[in-house]
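S.K.: No letters, just coordinates:
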Ligand SMILES: Cc1cc2nc3c(=O)[nH]c(=O)nc-3n(C[C@H](O)[C@H](O)[C@H](O)COP(=O)(O)OP(=O)(O)OC[C@H]3O[C@@H](n4cnc5c(N)ncnc54)[C@H](O)[C@@H]3O)c2cc1C
Ligand SMILES: Cc1cc2nc3c(=O)[nH]c(=O)nc-3n(C[C@H](O)[C@H](O)[C@H](O)COP(=O)(O)OP(=O)(O)OC[C@H]3O[C@@H](n4cnc5c(N)ncnc54)[C@H](O)[C@@H]3O)c2cc1C
Ligand code: SF4
Ligand code: SF4
Ligand code: SF4
Ligand code: SF4
Ligand code: SF4
Ligand code: SF4
């Protein structure tokens, strides 16, 4: 990268090379996981739940959650769903291609505050990506936390991302997978994630719940968590409003007075419920 | 002359009898004598309707908005919706019906004849009175005049002095397609058709002069898209030359979004602004009924009417096509005649 | 690439986008080829099914991307492979031609012609004339996008 | 998704391309294109080794699209698409960049030609990158044919088709087939008897097991498309069962109604129950609804009483059938230019001013005068007969602008027939000029002039009026420059042929175009003269333009051959490069519907829907729709935009 | 520093400003806009657009990129064209837009493009002896016709001369450049100025009622049905926001001008919360889908959210959005109505 003439330029991305691509979920809305390493000695540290602005030059930028643990220093990982112009360009990339990356943005999960607690993760669809670094970190620092439960569901078995990793996770955590509709050969739960949650009914005692997924799912999950006795400030979720700058300036991700890209994307339900429902 | 009270009565009766589900009309707003569009649904609201020289808006736009809203809510219109329509507005409705956007029976046209005048133009008022309609406290039609009230009192001005160019040049001040019309059909000639255009063409006869003029105009455009947003003919679900109406439905695929053609960039530079305005003008050829709204709303006063008028004039002279007169005919660019001009071709 | 650079120093070489209908004009230009009729290399053909499929948008887009001239060529009136396509093209392109001139773009920059499959020589002449007519005007920058 | 593995193959074409274009440079430039993974040049791409190299490269590099920069796509597009196919790709992933005819052959400057070849190739690369994999659209075919019109054209086409083994439904609006030809006496240029050559064919039609003959019938509605039409046909009741009718003439004897005989063009009379002429097919009497009193049995009913065969039934109802057919031949023929337009010639006003067809009847052995040329007014032999050519034709100001083509010939024939019937009579012909192109035609006219001593006067007739049993014809002879006045006993007008009444309706029903004169329009005046603009509908005979019998028969047989070709395929295939509607954006404005030359688009639930089989992929719709809601596959606006960019190095 | 300047000498002053690019209000094609000027005649009403584009232009190229196939892209930042700019005739309300933009662009993350432009920009204001628009309401939102906030110099029109007062150090520099052209004000000058100021301040204006209570009331009125009712005529154009001296929303896009090699630039352009797709997610879900929700965003951003974040209104009362709205949506009336209804409830 050329040295900026203007010092710190918040809009200028660093360059990173794609070193690994894995197709997580096939189909029209396929999900691919990309691992990238910075070029020219660049890079940054991030917290679990933070995001980065990724660009494919000529196509544009998109806000994407960093899906690798902050403890993995040598690469950053992103799981991207093919949704439109920029994300399609990502799906067209091959190993060795160079992308732009700026960040980290947003607030991240207060993982350190959760030491000694039970963690309940509830993810749906592509929503496993933002909470995945937390899961990774929790596993890497397994002794810091008590019981770990991961609820995750997709429309069909094919839509389950991180399938192999989730299977591996079973050795250290309780993994409850579900698919929306009954399927041949499926041994896990059939039905929506919130229902699976109620079925297993994890204890809210000394527990933190972290959820991410499609807006409707989140709504039901939060409702169910509260029924299970989770306190509002023990429920965490993330908001994914449209973002262009990620710097609290371009004006579109705000919910009430908050710019989600700066104050969010991680919110406790206690904070979020104070905001107008514009997400 | 129209008694505005008649309009209120008509509207009230239509709503009270349940013949229509709403009436789109004009009411007084908070900005002096500038009327604003309103959609009323209750008979008692009818009293707020006004009809005066400030009723500049082409309300057909709100029928389009209404239809889009209903479609969004998956509702069927049921009863017709009534609209207060001047001659130009009614012709907009004709085009919309020609393009199957509405069926005739879905709309109740409460026509208002412009008789021997039309609506005013704020810039002309400004020149004549030193203030525009937003600073007036009164204004009404009176025969061939406008009667206005300024800070210094009531004044009578001859309407043509302050009338919008499009009204001066109007050939259809009477809404021919209607369910009822208030006011009379009057034969009138205030200005030759396309008078402003002719003046412009004469003043800028040469190609460099034309360019010098339009270059300034196009560089000024801030691409607020008001001209398109206000145009009842620009009802496309997704405009091909702007990004702000990007529509995404449940079945929109990622590929579709990724492959959307960007004919122009978002940058409000000269080239992109020209791309935008040329495209729009061409899309409106044979469809624009010269309500002048695009030009009126432009915050930086780009004379957009000239562009539309140019094509309207060409279409009329070369193709014998007049927009907004028949629901039945094929539109300008989907039809042709054997003797369409050929001499520009080598 | 070297070549292009040298040329800009000596003489301005207009860039022309030529939309040719498949059935007549493209075939006509093929015939020019078969007959080895020489003409300038400035016009790059894009073959379309019918002149009727040439949207005014394509013409604007070509100018936006820096074309110095745009040519649309189709079958003679009455000879359209699809019967009516060129009639509809004529009407639409008449309008854009008028519009371009109205805003002060040099009338020379947009050209339309009817070239039949038998008119190889005519095609060559049209390109030749077009290039000659464009030369004195210099590069087209009125409608060309500004970068960066 | 966009293709990312394109291969580019640049052909030297020996030295045809390589002499002017630096092919290696083109290949190199293509290699730097984003989506190109392999680019090479070769001396003859279309040779066997060349083609194999393409196939091999596709396999080796897992190419997903191919661009061959070579000669015009007319020559080798198919070759290379087949190569792509045999290497496992969809053939539409292959694009041709024409760098020979449109580049190397027309430029000398190597630098410029190379740059241009790069631009052309690059635009093909961009286009190929977004081509969809398409399969030709397969359409099943109904192996039956509808022939509309039972003149010689329809008869010939029906017989050819039926003899080739196809079922034919022949629909004729009159009570009998035969058309105008059956009314003629003798025919030029050989002067053989029209009925003698036509009648056997008519009989063959009626007996042919593959032909369903529907007389007194008309096509009301046609839906569907090539290979699969559905025709709704309505038959008027004939009231006489042709199978029972013995043609005994008992009925007509008792019929109290007398009306002019249309078949003899009013020169003779007939009853309400009648047989149009002796050779009519079907061979049966028929009852004319319009003049019969018996349909109201209280009033009459005489014929039914006398018919021993019991063939008459007043209560038959019109019937409507729906026929499935794969193709249609339109042979609706002509009518003579209407007499209401022709006041100044006295037609319809003076009994002894006749049109050509009436004169044919007078000359015909089966005609009202049994082949004697007699004046209708007094049944005397006319001694001075004036024939006037070009009546109603070649007169753009007042009548038809076109030349009716056959009138010179039939006038010459009339003059001769007259002279053969009345050897001492004098025949005069007013003409503008003589058009006698055709085998033996010129000789025929010469003989009319020389052997049969017909006086040809070059000029127009200015007025005609009856005066004391004579018809005075004023004209001028432009050759001598003198005004002429002829006291004639009879005047015969060579009226122009015009499309038969109802041509406009049938054209609309079948969605075929008409030309400016109202004749059915052929798809291409030179190359597709028997096809209509609508696929699967063919034209034959005078319905398409004035023509004589030999030409009619040729066209009918040609149309039949085209139909046979069409229907002999197990399935029809249709190019898949058809229009596609982006429903979300379509507002149903119908502009595309109006613009489409093939009527391939209709609205369904307020959205445009394209009939893939009718669409020819011309793209007119796409350029008309302001909302970009309709586009042609593999020629989309996005592809166009990228090609434009490629051309401009953008 | 307060000085006097004879009106006809304003051009002379401008000519002393060497090294500055000078802009002033110019009427062309019926539109008032700031244009490069050798001299200025300050008899303008509100310019069609505020001067915000000097610091925050409608189009800003962040950087260009170029990528040859197989190589990493090369990014080249595009610095704003350097050089000092001074704008004459800025209205006090418009000037107050600048400090509000500063909060957005230089806090939290420092926007180098904005800061660079802002750093070399000076405003020479003109006090409004008469409100230039019937919809001026600067006083309601903490400003005044003689406010100096955001200005470097404030001039007051005393008929044939101006009272020129420095507000910032930059302002003083500008005035010092004038040297002798600027003279000491006399007592008469001062009292005349004082009289005009008083008249200006007391001139009646339209008003936002009980402005202090507006933020909490709007918060309370979030779910009010008035939003949709009031927004019904809105046509979703960008006039109100594009003309606003404080609106700062933008979009970022890549514009390409070559594919082999890939060439292009990343460009920032103004955007508007009133455009329907502004907040639309890629899935089509749109948190502010309705006209009402978008009107609410504009009004609440200015009168509630910004106030909650920065303790000041984001509206400076210039009245442009009121006058410019093609269909009469009037922010003063909207605020008043919603606040009133929320007060009652
Ligand atoms: C905090 C956060 C975290 C996220 N994390 C993830 C993640 O981990 N994984 C993931 O897959 N997704 C994630 N997303 C969602 C992701 O940002 C979007 O899916 C992505 O930005 C879609 O971009 P696109 O260009 O592919 O989609 P598009 O829908 O094509 O474009 C997005 C926007 O650009 C505009 N646009 C598109 N085309 C045009 C055009 N022609 N002209 C003008 N404007 C146009 C549209 O207005 C559209 O709203 C996250 C989002 C947020 C906010
Ligand atoms: C006076 C005269 C003399 C001529 N002499 C000669 C000559 O000597 N030699 C020569 O070669 N040619 C001659 N011709 C030309 C010859 O008559 C025509 O070439 C020939 O008749 C054309 O045949 P056709 O089948 O196309 O049309 P037609 O004979 O007109 O037959 C058309 C048939 O279609 C039927 N029809 C029409 N519309 C419909 C419908 N909608 N539905 C169903 N049926 C319909 C009609 O009833 C008719 O039976 C002469 C023509 C004229 C006028
Ligand atoms: S209203 Fe005016 S400024 Fe806005 S986009 Fe239209 S022309 Fe441009
Ligand atoms: S283009 Fe302008 S004048 Fe024409 S209909 Fe639209 S708003 Fe009215
Ligand atoms: S400019 Fe054209 S595409 Fe855009 S809204 Fe208007 S008519 Fe539709
Ligand atoms: S022209 Fe376009 S919008 Fe209109 S019906 Fe056809 S596809 Fe639909
Ligand atoms: S491509 Fe041509 S034939 Fe096909 S639907 Fe469009 S206009 Fe009709
Ligand atoms: S909101 Fe309106 S009045 Fe307030 S500063 Fe912006 S444009 Fe001016």
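M.R.: Received it, and whenever you're ready, just let me know what you need. The model shown is predicted, which means the values in this text are computed figures rather than measured ones. Ligands and ions are numbered 1, 2, ... in the order given.

S.K.: how far away is residue D:63 from residue A:95?
M.R.: Counting by Cβ to Cβ, to the nearest Å, the gap from residue D:63 to residue A:95 is 19 Å. C-beta here means a position set from N, CA and C on the backbone, and glycine is covered the same way.

S.K.: Residue A:30 now?
M.R.: Using Cβ to Cβ, residue A:30 is found at 17 Å from residue A:95.

S.K.: Of residue D:63 and residue A:95, give the one with the bigger neighbour count.
M.R.: Counted by other Cβ atoms under 10 Å in any protein chain shown, residue D:63 and residue A:95 do not tie: residue D:63 has more neighbours, with 26 against 11.

S.K.: how about the nearest residue to that one, chain neighbours excluded?
M.R.: residue D:7 (4.2 Å; Cβ to Cβ, 6 or more residues apart in numbering or on different chains).

S.K.: Helix, strand or coil: sort out that neighbour for me.
M.R.: Counting by DSSP: H, G, I helix; E, B strand; the rest coil, the backbone at residue D:7 sits in strand.

S.K.: again with residue A:152
M.R.: strand.

S.K.: so what's residue 182 scoring on pLDDT?
M.R.: Since you didn't name a chain, this refers to chain A. On pLDDT, residue A:182 comes in at 82.

S.K.: that's the wrong chain, I wanted chain E
M.R.: 95.

S.K.: cool, residue C:69 as well?
M.R.: 98.

S.K.: same deal with residue E:243?
M.R.: At residue E:243, the pLDDT value in this model is 97.

S.K.: quick one, phi psi at it?
M.R.: Main-chain dihedrals, residue E:243, degrees, to the nearest 10: phi -90, psi 0.

S.K.: What residues does it make contact with?
M.R.: B:299, E:48-50, E:320-321, E:324 (Cβ atoms under 8 Å, 6 or more residues apart in numbering or on different chains).

S.K.: Need the nearest residue in space to residue 251, chain neighbours excluded.
M.R.: You didn't say which chain, so I picked chain A. Among residues not flanking residue A:251 along the chain, residue E:249 sits closest, at 3.3 Å (Cβ to Cβ, 6+ apart).

S.K.: not what I meant, chain E
M.R.: That would be residue E:271: by Cβ to Cβ, 6+ apart, it lies 4.0 Å from residue E:251.

S.K.: Wait, the one you found touches residue E:252, no?
M.R.: No. Contact criterion Cβ atoms under 8 Å: residue E:271 and residue E:252 do not qualify, at 9.1 Å.

S.K.: So for these two, which residue has more residues nearby?
M.R.: Per other Cβ under 10 Å, whichever of residue E:271 and residue E:252 has more neighbours is residue E:271, with 26 against 22.

S.K.: could you give the mean pLDDT of stretch D:261-277?
M.R.: 86.

S.K.: any residue of that stretch up close to ligand 2?
M.R.: No. Using Cβ under 6 Å from any ligand atom, stretch D:261-277 never reaches ligand 2; the gap is at least 10.0 Å.

S.K.: now the end-to-end length of that stretch.
M.R.: 10 Å (Cα to Cα, to the nearest Å).

S.K.: ok, residues contacting that stretch?
M.R.: So stretch D:261-277 is contacted by D:174-176, D:182-183, D:239-240, D:247, D:249, D:251-252, D:255, D:257-260, D:283-288, D:291-294, D:303, D:312, D:354-355, D:357-358, D:361-362, D:366-368, D:376 (Cβ under 8 Å, 6+ apart).

S.K.: Let's see which of those end up in strands.
M.R.: Among the contacts of stretch D:261-277, the residues falling in strands (DSSP state E) are D:258-260, D:286-287, D:354-355.

S.K.: in the chain, what spans have low per-residue confidence?
M.R.: Using chain A. Residue ranges of chain A with pLDDT under 70: A:1-7.

S.K.: sorry, should have said chain E
M.R.: Looking at chain E by pLDDT under 70, you get E:344-345.
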